[in-house]
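Participant: How does the following fold in three dimensions:
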Amino acid sequence: MRPFTRLLALAALLALLGPVADAAVTANSIVTAQTPNRGIVQFLQGTDTAGTYKTLYTSGSNGSRCYGMVMNNNDGSATHLVTVQVVNTAVKYGGVALTTVSNAGFANATPPQSLMAPSVWPGLPMDSNGNPYLALASGDTIQATFATALTSTDLINIQVTCVDF
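Facilitator: All right, here's what the predicted structure looks like:
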């Protein structure tokens with residue numbers, strides 16, 4: 001058989017066999033955050049009572065990831081112990097307690113305090129950039145309280161930045 005005839009026969013055979021199948025394709029199954037969100041809470045002198053918890057954030061229906069939580073306070077004469085906890089089905093599970101810095105976030109060169117810094121809340125998981133985050137299951141909340149009475153016209157603010165799945 002001549003080379004051209006062999007090539008023609010091979011092409012005819014391949015045409016009869018049909019197209020070559022590639023490996024099976026699997027759909028992308030990565031889960032990404034759907035909704036950027038934030039939670040805020042304010043404890044205000046004359047309105048809020050020390051020791052009473054307020055809900056800072058409620059997880060999305062498919063869970064949430066919180067990656068930043070800051071606190072500021074405008075009390076220049078006293079500090080306050082603030083506690084933040086993760087709550088699941090009315091049970092408070094761990095968290096962080098931190099004493100406020102006078103005028104944190106309200107005075108020049110006195111920045112807000114990070115509540116998720118590794119030195120403040122050790123043991124939180126880290127993302128691929130080395131930043132701590134808090135994973136919340138559906139129905140979880142983050143709640144906060146303060147321990148000592150606020151003095152006249154003073155307040156404590158807490159803000160958390162999260163994404164819901």
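Participant: For residue 82, give me its contacts.
Facilitator: For residue 82, the contact set (C-beta atoms under 8 Å, 6 or more residues apart in numbering) comprises 71, 97-100, 144-147, 156, 158. C-beta coordinates here come from the backbone N, C-alpha and C atoms, glycine included.
Participant: And the helices in the protein, which stretches?
Facilitator: For the chain, the helices defined by DSSP state H cover 3-17.
Participant: where does it dip in pLDDT?
Facilitator: The model of the chain has pLDDT under 70 over residues 1-4, 6-8, 10-33.
Participant: Which stretches in it count as strands?
Facilitator: Along the chain, counting by DSSP state E, strands occupy 35-44, 54-58, 64-73, 81-88, 91-99, 113-114, 134-136, 141-146, 155-164.
Participant: Tell me the buried residues in the fourth one?
Facilitator: Buried positions in strand 81-88, judged by neighbour count with 16 or more other C-beta atoms under 10 Å: 82-87.
Participant: Just want the most central residue of the protein.
Facilitator: residue 66 (1.0 Å; C-alpha atoms, centre = their mean).
Participant: what's near enough to touch it?
Facilitator: Residue 66 makes contact with 57, 116, 133-134, 136, 142, 160-162, according to C-beta under 8 Å, 6+ apart.
Participant: Reformat these as JSON lines; add distance to residue 37 and neighbour count.
Facilitator: Converted to JSON lines, those look like this (distance: C-beta to C-beta, whole Å; neighbours: other C-beta atoms under 10 Å):
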{"residue": "57", "distance to residue 37": "8", "neighbour count": "28"}
{"residue": "116", "distance to residue 37": "16", "neighbour count": "20"}
{"residue": "133", "distance to residue 37": "14", "neighbour count": "17"}
{"residue": "134", "distance to residue 37": "13", "neighbour count": "23"}
{"residue": "136", "distance to residue 37": "11", "neighbour count": "23"}
{"residue": "142", "distance to residue 37": "12", "neighbour count": "25"}
{"residue": "160", "distance to residue 37": "9", "neighbour count": "24"}
{"residue": "161", "distance to residue 37": "8", "neighbour count": "16"}
{"residue": "162", "distance to residue 37": "5", "neighbour count": "25"}
